[in-house]
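Asker: No letters, just coordinates:
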């Protein structure tokens with residue numbers, strides 16, 4: 001075996017400047033320029049080496065073959081002519097047969113040679129034996145081919161991995177914020193996903209928020225214009241304006257949820273709408289309590305008369321809102337929200353979102369807001385039939401029913417979505433619940449003020465009072 005390898009190496013050294021091909025076990029090997037085999041392992045893969053020279057000049061090559069054929073033809077004709085001469089040991093017959101065999105071989109060789117020429121020809125000047133195709137970028141070598149133990153297969157890189165050179169032994173994993181392209185030969189940045197201002201759903205939210213803000217301002221203008229009318233005075237003007245301002249701010253806080261999240265916007269998002277909604281619901285709770293007190297105070301000698309006034313209602317709103325403010329402060333000081341880059345949920349994109357920091361703090365804000373809404377709903381439902389002029393307990397009942405329904409439906413939808421759609425669910429809940437408060441509480445009053453002015457008079461109130469008495 002060592003002698004065979006030495007002889008092979010001598011052949012390689014003697015044909016450095018020739019063009020040659022190698023056929024090994026029926027498999028074509030690609031060659032690269034080298035005066036020796038690259039390793040003994042390459043030599044072990046070789047069963048037979050056929051070296052074929054490039055003719056250089058085709059005319060010269062076929063001139064040699066032509067002249068050789070001419071001599072053989074002359075020899076064949078002469079031998080065929082003298083094959084019957086009576087000479088002892090006449091070898092003309094043998095010459096005839098040998099030339100016939102010679103002709104047959106070379107005539108059959110020419111088309112076979114022409115059909116294989118170039119197909120198996122590679123440069124001996126680069127002699128690096130291969131029993132596999134070159135592994136292109138985007139793939140790697142996989143040892144253990146079925147052809148031979150020293151051969152390999154080419155397998156594509158896995159998702160999120162690349163190889164940027166040929167015959168790579170392994171694939172490189174992309175960074176967390178990058179992903180492999182289609183060819184898997186380059187890492188490209190992942191798409192950043194957040195609820196941007198250019199999204200269609202964001203444009204819908206912006207349009208809805210702007211229109212609702214305009215409607216709220218118009219309602220406030222109507223109430224200012226009819227500030228001293230009975231319907232405005234009977235429903236506690238101060239609480240009505242506090243509620244309207246809270247609803248207006250809730251529509252405006254939608255813009256905190258749009259655009260790329262920042263640490264400051266993540267802090268302001270939940271805390272702002274939590275405090276604003278707490279003020280709004282506290283106002284409705286105070287309105288409901290004041291309706292009950294007003295009914296009780298109409299009885300002669302009632303001790304409820306001393307509770308009538310703006311002090312009690314302002315105290316209720318301040319106390320209930322302060323509890324929400326304290327919950328938010330505890331949440332911010334313990335574990336405040338922050339911007340988060342989620343690279344694991346999706347392969348080809350990075351979700352920029354707000355992490356609540358403390359899940360307990362987040363659900364405490366929502367829980368307390370739901371508690372105020374439930375108390376307001378129960379009290380409003382209890383006093384909805386009291387015979388009070390312009391009693392808005394019925395409207396408060398419907399508004400709290402809408403409010404609670406929206407936020408109860410929002411929680412499972414919020415938990416089942418990710419990325420910008422989770423933010424969209426939250427924005428939708430804010431807009432719908434705020435619009436429910438505005439329409440249920442103030443639209444009936446505006447309808448009476450604008451279209452039924454005869455009801456909005458002092459004489460009408462006195463007539464209603466006589467009826468109840």
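Answerer: Arrived safely. None of these values were measured; they are calculated from a predicted model. Numbering: from 1, shown residues only.

Asker: Contact partners for residue 79?
Answerer: By Cβ atoms under 8 Å, 6 or more residues apart in numbering, the contact list for residue 79 reads 92, 93, 95, 96, 99. Placement of C-beta: from N, CA and C, glycine included.

Asker: and it, how far is that from residue 92?
Answerer: 5 Å (Cβ to Cβ, to the nearest Å).

Asker: again with residue 435
Answerer: Distance from residue 435 to residue 92, counting by Cβ to Cβ: 119 Å.

Asker: More neighbours: which of the two?
Answerer: The neighbour comparison of residue 435 against residue 92 (other Cβ atoms under 10 Å) goes to residue 435, with 20 against 16.

Asker: Might you list the low-confidence residue ranges for the stretch 151-300 of the chain?
Answerer: 235, 297-300 (pLDDT under 70).

Asker: Go through stretch 334-350 and flag the buried ones.
Answerer: Judged by neighbour count using 16 or more other Cβ atoms under 10 Å, the buried positions of stretch 334-350 are 335, 336, 337, 339, 343, 349, 350.

Asker: List the ones among the residues you listed that fall in helices.
Answerer: Using DSSP state H, the subset of these located in helices is residue 335.

Asker: and of the buried residues of stretch 334-350, the nearest to residue 244?
Answerer: Nearest to residue 244 among the buried residues of stretch 334-350: residue 337, at 28.6 Å, using Cβ to Cβ.

Asker: Angles on the backbone of the closest residue to that closest one other than its chain neighbours, please.
Answerer: In space, and not counting its chain neighbours, residue 337 is closest to residue 266: 4.1 Å by Cβ to Cβ, 6 or more residues apart in numbering. Backbone torsions for residue 266, taken as degrees, to the nearest 10, come to phi -60, psi -40.

Asker: pLDDT of the helix or strand hosting residue 316, averaged?
Answerer: Assigned by DSSP states H and E, residue 316 falls within helix 310-335. What helix 310-335 shows for mean pLDDT is 88.

Asker: now the angle from the longest strand belonging to the chain to helix 310-335?
Answerer: Using DSSP state E, we find that the single longest strand of the chain is strand 349-355. On the basis of axes from the mean of the first three to the mean of the last three Cα atoms, to 10 degrees, strand 349-355 is oriented at 130 degrees to helix 310-335.

Asker: per the record, what domains does this structure have?
Answerer: According to automatic domain parsing, the chain comprises the domains 2-123, 139-189, 200-468.

Asker: Compute the distance between residue 417 and residue 368, please.
Answerer: In terms of Cβ to Cβ, residue 417 sits 24 Å off from residue 368.

Asker: that older thread, which helices and strands sit right next to the following helix or strand past the longest strand of the chain?
Answerer: Beyond strand 349-355 on the C-terminal side, the first helix or strand identified by DSSP H and E is helix 359-382. With contacts taken as 3 or more Cβ pairs under 8 Å, 6 or more residues apart in numbering; DSSP states H and E, helix 359-382 sits against helix 263-297, helix 310-335, helix 393-416.

Asker: distance between helix 359-382 and the chain's centre?
Answerer: 35 Å (Cα atoms, centre = their mean, to the nearest Å).

Asker: If we go by neighbour counts, what in that helix is buried?
Answerer: Under the neighbour-count criterion of 16+ other Cβ under 10 Å, helix 359-382 has 361-362, 364-366, 368-370, 372-373, 375-377, 379-381 buried.

Asker: now the angle between strand 349-355 and that helix, please.
Answerer: For helix 359-382 against strand 349-355, the angle between stretch directions is 60 degrees (the same axes, to 10 degrees).

Asker: And the contacts of helix 359-382?
Answerer: The contact list for helix 359-382 (Cβ under 8 Å, 6+ apart) reads 270-271, 274, 277-278, 281-282, 284-285, 288-289, 292, 320, 323-324, 327-328, 330-331, 334-335, 356, 393-394, 396-397, 400-401, 403-404, 407, 411.

Asker: if I read this right, residue 438 contacts residue 213, doesn't it?
Answerer: No. Assessed by Cβ atoms under 8 Å, residue 438 is found out of contact with residue 213, at 10.4 Å.

Asker: The two: which has the busier surroundings?
Answerer: Between residue 438 and residue 213, counting by other Cβ under 10 Å, residue 438 is the more crowded of the two (22 against 17).

Asker: Let me know the distance separating the more buried one from residue 432.
Answerer: From residue 438 to residue 432 the distance is 11 Å (Cβ to Cβ).

Asker: again with residue 215
Answerer: For residue 215, the distance to residue 432 (Cβ to Cβ) stands at 14 Å.

Asker: Then residue 259?
Answerer: From residue 259 across to residue 432, the span is 21 Å (Cβ to Cβ).

Asker: Which residue of these two possesses the greater neighbour count?
Answerer: Remark: of residue 259 and residue 432, residue 432 carries more neighbours, 17 against 14, as counted by other Cβ under 10 Å.

Asker: Name the nearest residue to residue 176, ignoring sequence neighbours.
Answerer: Residue 176's closest residue in space is residue 343 (Cβ to Cβ, 6+ apart), at 4.3 Å.

Asker: tell me the phi and psi of the one you found?
Answerer: According to degrees, to the nearest 10, residue 343 has phi -100, psi 0.

Asker: All the strands of the chain, residue numbers only.
Answerer: Under the criterion DSSP E, the chain carries strands at the ranges 19-20, 23-24, 27-28, 122-123, 139-143, 152-156, 161-162, 172-173, 178-180, 187-189, 191-193, 338-342, 349-355.
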